[in-house]
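Chemist: predicted coordinates and the sequence they were generated for:
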Amino acid sequence: MTTRRMFVMAGGALAPVLLLALLFDNQWVVDATRESDFDFQKGIGPLVSWSQYPQWRLTGGEQHFPAKFILALDFSLLVFFALLALFALAAVRAVDPRRGAFGVVIGGWWATVAAGGLSGFVAGPLLHWSLDMSGQPMSRALWSLVGDGASFGLMFGWLAGLGALAAFMVTRTPEERLARQMAHAAPHLGGPLPPAGALPPGGPIPQGGHMQPGAPMQPGQMYPGQMQQAPGQPGQMYPGHPGQMQQQPMVPPQAQGGQGLPPQHPAAVPYVPPGGPQQPQWGAAPVPPQGGQYPGGPVPQPPAQPPVPRQPAQAPVPAVPPPTPPADEAAAERPGDETVGDEEPEAAPPSEDAPPKGPAEETMLDGRPGDDTLPPPR
């Protein structure tokens, strides 16, 4: 509730009491009532006496009241009005504008009772001093005026409550008026009014910029950009979508206590909604969703490869010539020593310088001609 509205409500509580004092508690009405034959001890006499508590005077009248009495009486009236405004301001500050208006009436009533009782503690000593009532104890005048002020607030405080209520109704904002109309229309529609910031299930979903920050998500409410739920598929959710619970696989019949089904039976395969990847068997990790499987879902981007650092330029390596075989090895090699394919090399003719073979060498199994593929030593 704004400060301006609270001051307007406090002024609304003060206005009817001020009007009552100006019209019926002035010196002319009070003097005419006392000079008449009206009995203040019978019938509504005490009520009329209480209604004249906040009285005021401008002159001494026919009774020729002294000036100090007029000053004390008017000052006590100003104290009463000041206390009433302060207490009314404190009362309307504690009122919740979203609740009923009954609290505003009670607040204005309480402010009048408190202001009348406390102002009696000021008016009692002042009037006792101004009228020179030395023969009577001051306590009697004090408690008599305290009782009259509290009684005035008790019997006429509802005027201040109604004034505060009128100011409360006038200063209502358009949002409060709309909420009040919806609250009255809710019983006819068959349901209570949802809290502020929430939407009923199945209602229109506001777009991104129109959602109120901090409003709780209701069942059936979707995030901006999420595909609306098709009729006939209540509660369908996409795996891995933000803000949704992961889908629990179906419990196999064995866990439910029923008869076992073969693995090939269609009822033994877990159900996966269309558009999502096939979930593995129970006990395995769920398969993460792939991008582009459902509208509005984020498309995963491949990870960027780190750039390959450039290698510093190296000097060219000079070509190394093949090694040249020694002269004695080149001379020892002959064209007829190499074998081609799987052909057996021909036996070399016996050298003239070779010593003749003995009988033992010819009779040995290892000394048969043709078994040694190496050329004879020179």
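Modeler: Structure received. Residues are numbered from 1 along each chain as shown.

Chemist: could you use CA atoms for every contact and neighbour count after this?
Modeler: OK.

Chemist: mind showing which ranges of the stretch 151-300 of the chain have poor pLDDT?
Modeler: 177, 179-181, 183-261, 271-300 (pLDDT under 70).

Chemist: let's see it at 90
Modeler: Where the stretch 151-300 of the chain drops to pLDDT under 90, the residues are 169-300.

Chemist: for V17, what are its contacts?
Modeler: L159, A160 (CA atoms under 8 Å, 6 or more residues apart in numbering).

Chemist: then the one 3 residues further on?
Modeler: Contacts here follow CA under 8 Å, 6+ apart; on that basis L20 touches nothing.

Chemist: which phi and psi values does it adopt?
Modeler: Main-chain dihedrals, L20, degrees, to the nearest 10: phi -60, psi -40.

Chemist: any idea which helix or strand comes after the helix or strand containing V122?
Modeler: Here V122, judged by DSSP states H and E, is contained in helix 102-130. Remark: after helix 102-130, the chain's next helix or strand is helix 138-170, criterion DSSP H and E.

Chemist: what residues sit buried inside that next one?
Modeler: Across helix 138-170, burial judged by 16 or more other CA atoms under 10 Å covers 138, 141-142, 145-154, 156-168.

Chemist: what angle do that helix and helix 102-130 make?
Modeler: Interaxial angle, helix 138-170 versus helix 102-130 (axes from the mean of the first three to the mean of the last three CA atoms, to 10 degrees): 150 degrees.

Chemist: any idea of the mean pLDDT in stretch 52-60?
Modeler: Stretch 52-60 shows a mean pLDDT of 88.

Chemist: which residue comes closest to G45 once chain neighbours are left out?
Modeler: D39 (6.0 Å; CA to CA, 6 or more residues apart in numbering).

Chemist: what does the pLDDT read for that neighbour?
Modeler: On the pLDDT scale, D39 is placed at 83.

Chemist: gap between it and T33?
Modeler: According to CA to CA, to the nearest Å, D39 stands 10 Å off from T33.

Chemist: sorry, back to before: tell me what the helix holding V122 is packed against?
Modeler: On a contact count with 3 or more CA pairs under 8 Å, 6 or more residues apart in numbering; DSSP states H and E, helix 102-130 meets helix 67-93, helix 138-170.

Chemist: buried sites along that helix?
Modeler: Residues of helix 102-130 classed as buried by neighbour count (16+ other CA under 10 Å): 103-128, 130.

Chemist: for stretch 71-86, same thing?
Modeler: Neighbour-count burial for stretch 71-86, counted by 16+ other CA under 10 Å, picks out L71, A72, L73, D74, S76, L77, V79, F80, F81, L83, L84, A85.

Chemist: okay, now the closest residue to Q27 other than its chain neighbours: neighbour count?
Modeler: Spatial nearest neighbour of Q27, excluding adjacent residues (CA to CA, 6+ apart): R57 at 5.1 Å. As a burial measure, R57 scores 17 neighbours (other CA atoms under 10 Å).

Chemist: need the three-state assignment for R57.
Modeler: Using DSSP: H, G, I helix; E, B strand; the rest coil, the structure places R57 in coil.

Chemist: kindly export stretch 34-51 (C-alpha atoms) in CSV.
Modeler: Taking Å, rounded to 0.1, in the frame of the first residue of the first chain, the C-alpha atoms of stretch 34-51 are listed here in CSV:
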residue,chain,number,x,y,z
ARG,A,34,-28.6,21.9,28.3
GLU,A,35,-31.1,24.8,28.6
SER,A,36,-34.0,22.5,27.5
ASP,A,37,-35.8,20.0,29.7
PHE,A,38,-33.9,17.1,28.2
ASP,A,39,-32.8,14.6,30.9
PHE,A,40,-29.3,13.3,30.4
GLN,A,41,-29.9,10.5,32.9
LYS,A,42,-32.8,8.7,31.2
GLY,A,43,-33.3,7.0,27.8
ILE,A,44,-30.8,8.1,25.3
GLY,A,45,-29.6,10.8,27.6
PRO,A,46,-26.1,9.2,28.2
LEU,A,47,-25.7,8.6,24.5
VAL,A,48,-26.4,12.3,23.8
SER,A,49,-24.0,13.3,26.5
TRP,A,50,-21.2,11.1,25.0
SER,A,51,-21.8,12.6,21.6
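
Chemist: what comes up buried for it?
Modeler: Buried positions in stretch 34-51, judged by neighbour count with 16+ other CA under 10 Å: L47, V48, S49, W50, S51.

Chemist: right, I'll leave it there.
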